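S.K.: only the shape, not the letters, is given here:
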DNA sequence: ACTACTTGCATCACGAATGTTGCAAGTAGT
DNA sequence: ACTACTTGCAACATTCGTGATGCAAGTAGT
C-alpha cells in the first residue's frame, strides 16, 4: 500500500465531486456519473480516476457525511452539558449538517461500510442522551429511549425534507431546532387531552 | 378509445404484478422488470403486455396505492365522527394500507400522475380534520394545522419503516395507532418541562 | 525552469435493462 | 366444442451506464 499524497488541486476536485454528488443525487437518486461529473464541473473520466466505481463514490459520500454528522454531535458535547441543553445544541448542529448532506444521510448504506460504524456510534450517543433525559424525569414514564430516538429522527428527517423541497426559503436553524425539540417533548396537543 | 374488457384471469395477473412490484421494489428500489415478473410468477413479456413501459407500471402502482389510501380514509368517516375518534380510526386504517403499499406511497410520483390528485385530496381531508381538532381546542395554541400534518405523516412513516425493517414480528395495528396518536398529541416528555 | 501529477477529450469494450415480435400452447367464456 | 384471449418462450434490436485507455495540454510544487 503506497500512500500517495494528494496534490492540492486534486483534493479540491475530490471535494467538489462529493458535493456535486450530494446535490445531484438529492434531486435525482438515479443520476448518472455523467450528470454528477457535469455538476462538479469535471469530466466523467476524472470522477472515475478518483472513485473506481459508482459504489466506491457512494461509499465515500456516505462515509464523509456520517463523519460530518459525528463531528456535529461532538461539537454539542452531549455527555458534558445538561441533557436538555445538549439535546437542543445537538439538534441545531445536526440540522445544519443534514440540510447539506441530506441524500448521503438517508441513503441505505452498503453493509460493511465505514459509515455504518460511525452512524451506529452516533445512535449510541443519542440513546445515551435520552437515557440521561429519562433519569432527569424529563421523559414521560412508559416512554422508551428507543421510541424517543425514532420519533426524534423522524422529526429531524421531516424538517429536512421540507427545507429541501423549498430550497429558496432559507430557514432559521435555531427556530426549527426549537420547534423540533418542543414537538418531541410535548407533541402538538393541549396538555391533559386523552383519547 | 376502445375500452377492451379484461378477462378474469388477466385481471388477476395485473393484480399479481402490482403486488409483486410493491413487494420487490420495497426491498430493492432498483429491481428490474425481470425480478418483478419473477416475483409475480409470470414471464417478463407478460408484464410488458400489461404495462407498456416501466414508467407505466410505476404510474399504475402509485395510483393504485393512492386509491387504497383514499379508501382507508373514507372508511374512517373523518368528517362525520368526533375529530379525535376520527383521527384514531383513520390512523388505524391508514396504517394497514401503508404497511402493504409502503413503497408505492413513498416513491416520488411523476408529475401529472393520477395518484398526485388523489394524494392531494387526502392531504386536504387531513388538514380539515386537524382544523376540526383545533376548533375543539385539542391542539395547543400556536400549532399550525400544517405542522400537525407534517408531524403526523412523519410519525406514520416512521412506524411503517420500522415495521418494514422487521417483517418477522407482526405488529398490533391498534397499539401502534394509539402510540402514534399519543405521541402526536403529547410528545415523549413530561408535561410542564420547558427549555 | 523542471518534473511529476492531474485533467479533458476521444474512443472503445462490455454488460445490463428495456421494449418488441412471432409462434405455439393453454384457458376463459359462450 | 368453438372462439378469442392470454401466456410462456425464444430471439432480437436498441439504448444506456459503466469502466478502461492513450494522448496531449496544463498546472502544482520544488
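M.R.: Here it is on my side, so go on. Please read all numbers here as calculations on a predicted model, not as lab measurements. Residues are numbered from 1 along each chain as shown, chains lettered A, B, ... in the order given.
S.K.: residues of chain A that sit close to DNA strand C?
M.R.: Residues of chain A lying close to DNA strand C by CB under 7 Å from any atom of the strand are A:4, A:6-7, A:9-10, A:13, A:41-43, A:45-46, A:49-50. In this view, the C-beta of every residue, glycine as well, is placed from N, C-alpha and C.
S.K.: show only the entries of those found in helices.
M.R.: In this view, the residues of chain A next to DNA strand C that belong to helices under DSSP state H are A:9-10, A:13, A:45-46, A:49-50.
S.K.: quick check on the residues you listed: which are buried?
M.R.: Buried members of these, scored by 16 or more other CB atoms under 10 Å in any protein chain shown, are A:13, A:46, A:50.
S.K.: which of those residues sits closest to chain B?
M.R.: Checking these against chain B with CB to the nearest CB, the nearest one is residue A:50 at 23.5 Å.
S.K.: pretty sure the closest one contacts residue A:17?
M.R.: Yes - contact criterion CB atoms under 8 Å: residue A:50 and residue A:17 qualify, at 6.2 Å.
S.K.: check the offset of stretch A:186-195 from the chain's centre.
M.R.: Put simply, stretch A:186-195 sits 30 Å off its chain's centre (CA atoms, centre = their mean, to the nearest Å).
S.K.: what does chain A have sitting close to chain B?
M.R.: Residues of chain A lying near chain B by CB under 8 Å from any CB of the partner chain: A:84, A:88, A:137-140, A:143, A:147-148, A:150-151, A:153-155, A:157-158, A:162, A:178-179, A:181-193, A:195.
S.K.: return the residues in contact with the residue most central in space within chain A.
M.R.: Residue closest to the average C-alpha location in chain A (CA atoms, centre = their mean): residue A:98, at 3.8 Å. Neighbouring residues of residue A:98 by CB atoms under 8 Å, 6 or more residues apart in numbering or on different chains: A:69, A:105, A:156, A:160.
S.K.: now do the second one: how many residues are near it, please.
M.R.: Residue A:105 has 23 neighbours, counted by other CB atoms under 10 Å in any protein chain shown.
S.K.: and what of the last one?
M.R.: Summarising burial for residue A:160: neighbours were counted as other CB under 10 Å, giving 21.
S.K.: the third one too?
M.R.: Other residues near residue A:156 come to 20 when the count uses other CB under 10 Å.
S.K.: would you agree it is in contact with residue A:95?
M.R.: Yes - using CB under 8 Å, residue A:156 is in contact with residue A:95, at 7.0 Å.
S.K.: residue ranges for the strands of chain A, please.
M.R.: In chain A, no strands are defined using DSSP state E.
S.K.: low-confidence ranges in it?
M.R.: Within chain A, the ranges that satisfy pLDDT under 70 run A:1-5, A:195.
S.K.: domain map for it?
M.R.: A:1-51, A:58-186 (automatic domain parsing).
S.K.: okay, those, which one's buried deepest?
M.R.: Of all those, domain A:58-186 has the most neighbours on average by mean count of other CB atoms under 10 Å in any protein chain shown, namely a mean of 18.
S.K.: how about the residues of chain A by DNA strand D?
M.R.: Neighbours of DNA strand D within chain A, by CB under 7 Å from any atom of the strand: A:7-9, A:32-34, A:44-45, A:48-49, A:52-55.
S.K.: could you redo the last one with a cut-off of 6 Å?
M.R.: A:7-9, A:32-34, A:45, A:48, A:52-54 (CB under 6 Å from any atom of the strand).
S.K.: could I get the residues you listed as JSON lines with distance to residue B:109?
M.R.: Below are the residues of chain A next to DNA strand D laid out as JSON lines (distance: CB to CB, whole Å):
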{"residue": "A:7", "distance to residue B:109": "45"}
{"residue": "A:8", "distance to residue B:109": "45"}
{"residue": "A:9", "distance to residue B:109": "42"}
{"residue": "A:32", "distance to residue B:109": "22"}
{"residue": "A:33", "distance to residue B:109": "26"}
{"residue": "A:34", "distance to residue B:109": "25"}
{"residue": "A:45", "distance to residue B:109": "35"}
{"residue": "A:48", "distance to residue B:109": "33"}
{"residue": "A:52", "distance to residue B:109": "35"}
{"residue": "A:53", "distance to residue B:109": "31"}
{"residue": "A:54", "distance to residue B:109": "26"}
